[in-house]
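S.K.: Fold the stuff below for me.
(one chain, ligands or ions: 2)
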Amino acid sequence: MRLKIAILPGDGVGPEVTEQAVRVLRVAADAGGHEFEFVEAAVGGAAIDLTGSPLPTRTLDACLEADAVLLGAVGAPKYDSLPAGRRPETGLLTLRKALGAFANLRPVACRAATAGCSPLRPEIVAGADVLIVRELLGGLYFGEPRGFGGEGDSAAAFNTMRYTVGEIERVARVAFESAIARRGLVTSVDKANVLETSRLWRETVTRVAREYPSVELEHVYVDACAMHLVTNPRRFDVILTENLFGDILSDEAAVLAGSLGMLASASVGGPVDLYEPVHGSAPDIAGRGVANPLGAIASAALLLRHTAGLEQEAREIEEAITRVLDAGYRTQDLRDDEGKYTVGTAEMGSLVVEQAAELADVRHAYHAV
Ligand code: IPM
Ligand code: MN
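M.R.: Residues are numbered from 1 along each chain as shown. Ligands and ions are numbered 1, 2, ... in the order given. Predicted coordinates for the structure are as follows:
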């Protein structure tokens, strides 16, 4: 298999964690005789420094020509005062739109080894395994009109939450398809007691559900969902929700995995899929070699699964992560009584590389007999 992967390290801890994810991808390529070509390009603040734009044309072209994009993170305090169009985050949002990536898949699971890293009691988080399907190209993030108006006391700011039936249907289908391969439950999350967009959301998802008789559908309000995520997370299988609700709920759900640094994501639906850890640029720890690379590495696993169809390789990376955690290795964000060894970004990467290589070796030896 040949694969062209655009690597966009971005800002903050982005470069550190993507470097480790690329190492793991190289192992998968070498072990399976695949040819992965990596093309690096600038995005976010790093791109602003180089070109003045958070998504230079050259970067966008490189992404559109690739089979998949792996992005680190964007954003840094020094750009906070720039106008919206020139902020690092705009680079990411424009990229998502340009790639047509309307469904953002964020798997969140509690591994046995890291149950003690959660601020929640282990008996609450143990066994939790949720897939958040977040609509990525609509809602308040992109709705028009938006802006500032008025003066003095009437000075105001406004955004528009807007969804079309088509936008809801296509992401709902992704959620139902995902549920078929999991435990068969979709929880659609909205605020239908208040918002028109949520009423349309609920109506549309209910209609799409009829195409998937084997999947159970329930509707939950977003405020209640936020609470259930930390009181009874095992009740969820697939959570389907709109853009901003999904953004917020996925950071909250990270407490199930022990740390935001663990979370991976795949943004799919367009011609080129985009993979990124959920954690963001973490400027406070950037450049110190202590960031958790597992979210980025797990994103690389999702890339192998969804874009390359290399399910076995993807599972081996996920299993490699589990083994390293089982052996007691932790980055500084994963603190519990079980963790015996605190390691840095590169060492954590090396440990996963080692385990992934070993798992691939075993598989090849098995196939050879
Ligand atoms: C995320 C991030 C982004 C978002 C930011 C960086 C624009 O928080 O991927 O969750 O809000 O979508
Ligand atoms: Mn977010």
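
S.K.: got the contact list for the residue of the stretch 151-300 of the chain found nearest ligand 1?
M.R.: Distances between the stretch 151-300 of the chain and ligand 1 by CB to the nearest ligand atom are smallest at D247, namely 4.6 Å. For the C-beta atoms, the positions are set from N, CA and C on the backbone; glycine is no exception. Under the criterion of CB atoms under 8 Å, 6 or more residues apart in numbering, the neighbours of D247 are R134.

S.K.: mind saving the C-alpha coords of the helix or strand it falls within as CSV?
M.R.: In this structure, D247 sits in helix 243-257 according to DSSP states H and E. Output of helix 243-257 as CSV, limited to C-alpha atoms (Å, rounded to 0.1, in the frame of the first residue of the first chain):
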residue,chain,number,x,y,z
ASN,A,243,-20.4,21.1,16.6
LEU,A,244,-20.2,23.2,19.8
PHE,A,245,-21.9,20.6,22.0
GLY,A,246,-19.5,18.0,20.7
ASP,A,247,-16.5,20.3,21.3
ILE,A,248,-17.4,20.8,24.9
LEU,A,249,-18.6,17.2,25.7
SER,A,250,-15.5,15.7,24.2
ASP,A,251,-13.2,17.6,26.5
GLU,A,252,-15.4,16.6,29.4
ALA,A,253,-15.3,13.0,28.3
ALA,A,254,-11.5,13.1,28.5
VAL,A,255,-11.7,12.5,32.2
LEU,A,256,-12.9,9.0,31.4
ALA,A,257,-9.6,8.3,29.6
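
S.K.: Identify all contacting residues around whatever helix or strand comes next after it.
M.R.: Beyond helix 243-257 on the C-terminal side, the first helix or strand identified by DSSP H and E is strand 264-268. Under the criterion CB under 8 Å, 6+ apart, residues 96, 99, 101, 103-107, 136, 174, 250, 273-278, 295-299, 301-303, 306 lie in contact with strand 264-268.

S.K.: Tell me which residue lies nearest the centroid of this protein.
M.R.: Relative to the mean C-alpha position of the chain, the nearest C-alpha, by CA atoms, centre = their mean, is the one of S265, at 2.0 Å.

S.K.: ok so, going back, just the buried positions in the helix holding D247, please.
M.R.: Buried residues in helix 243-257, counted by 16 or more other CB atoms under 10 Å: 243-247, 249-250, 252-257.

S.K.: likewise stretch 320-335?
M.R.: Judged by neighbour count (16+ other CB under 10 Å), stretch 320-335 contains these buried residues: 320-325, 329-334.

S.K.: Can you list the neighbours in contact with it?
M.R.: Applying CB under 8 Å, 6+ apart, the set of residues contacting stretch 320-335 is 24, 111-114, 117, 258-262, 290-294, 297-298, 336, 338-345, 347-348, 351-356, 359.

S.K.: State the mean pLDDT of that stretch.
M.R.: For stretch 320-335, mean pLDDT is 96.

S.K.: now do stretch 230-250
M.R.: For stretch 230-250, the per-residue pLDDT values average out at 98.

S.K.: If any of the contacts of stretch 320-335 are buried, put those into a PyMOL selection.
M.R.: Here is the PyMOL command that selects the buried residues among the contacts of stretch 320-335 (16+ other CB under 10 Å):
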select buried, resi 24+111+113+114+117+258+259+260+261+262+290+291+292+293+294+297+298+338+339+342+343+344+345+347+348+351+352+353+355+356+359
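
S.K.: Inside helices: which ones of the contacts of stretch 320-335?
M.R.: Among these, the members falling in helices (DSSP state H) are 24, 294, 297-298, 345, 347-348, 351-356, 359.

S.K.: Could you export the residues you listed as JSON lines, including pLDDT and distance to L195?
M.R.: Conversion of the ones in helices among the contacts of stretch 320-335 to JSON lines gives the following (pLDDT from 0 to 100; distance: CB to CB, whole Å):
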{"residue": "V24", "pLDDT": "98", "distance to L195": "41"}
{"residue": "L294", "pLDDT": "98", "distance to L195": "36"}
{"residue": "I297", "pLDDT": "98", "distance to L195": "37"}
{"residue": "A298", "pLDDT": "98", "distance to L195": "33"}
{"residue": "T345", "pLDDT": "98", "distance to L195": "41"}
{"residue": "E347", "pLDDT": "98", "distance to L195": "47"}
{"residue": "M348", "pLDDT": "98", "distance to L195": "42"}
{"residue": "L351", "pLDDT": "98", "distance to L195": "46"}
{"residue": "V352", "pLDDT": "98", "distance to L195": "42"}
{"residue": "V353", "pLDDT": "98", "distance to L195": "46"}
{"residue": "E354", "pLDDT": "98", "distance to L195": "49"}
{"residue": "Q355", "pLDDT": "98", "distance to L195": "46"}
{"residue": "A356", "pLDDT": "97", "distance to L195": "44"}
{"residue": "L359", "pLDDT": "95", "distance to L195": "47"}
